[in-house]
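Engineer: sequence-free structure coming up:
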């Protein structure tokens, strides 16, 4: 589980960095990916 949580943390960082470099719809899309990753991480944590 720690390995998956670490992977999700890296993906979140990548999506945040991508969002910082965009504007408008592309920025919104990148931040929506961050939100989905956060939801997946929370589901992972609560399933154990």
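Structural biologist: Yep, it's here. Bear in mind the structure is a predicted one, so any value in this text is a computation, not a measurement. Numbers count the residues shown, from 1 in each chain.

Engineer: outside of the longest helix along the chain, which residues touch it?
Structural biologist: Ranked by number of residues, the top helix in the chain under DSSP state H is helix 24-47. With contacts defined as CB atoms under 8 Å, 6 or more residues apart in numbering, helix 24-47 is touched by 1, 4, 5, 8, 9, 11, 12, 15, 16, 18, 19, 22. (Each C-beta comes from the backbone N, C-alpha and C, glycine too.)

Engineer: try 6 Å this time
Structural biologist: Applying CB atoms under 6 Å, 6 or more residues apart in numbering, the contact partners of helix 24-47 are 8, 11, 12, 15, 16, 18, 19.

Engineer: For the residue nearest to residue 37 when sequence neighbours are not counted, pull up the helix or strand it's in.
Structural biologist: Computed as CB to CB, 6 or more residues apart in numbering, the closest residue to residue 37 that is not its neighbour in sequence is residue 12, at 4.9 Å. Per DSSP states H and E, residue 12 falls inside helix 2-20.

Engineer: What is that helix packed up against?
Structural biologist: helix 24-47 (3 or more CB pairs under 6 Å, 6 or more residues apart in numbering; DSSP states H and E).

Engineer: chain center to the helix it packs on, what's the gap?
Structural biologist: Relative to its chain's centre, helix 24-47 lies at 4 Å (CA atoms, centre = their mean, to the nearest Å).

Engineer: Can you give me the buried ones in that helix?
Structural biologist: For helix 24-47, burial by neighbour count (16 or more other CB atoms under 10 Å) applies to 30, 31, 33, 34, 37, 41.

Engineer: how far does stretch 10-20 sit from the chain's center?
Structural biologist: Taking CA atoms, centre = their mean, the mean C-alpha location of stretch 10-20 is offset from the chain mean by 7 Å.
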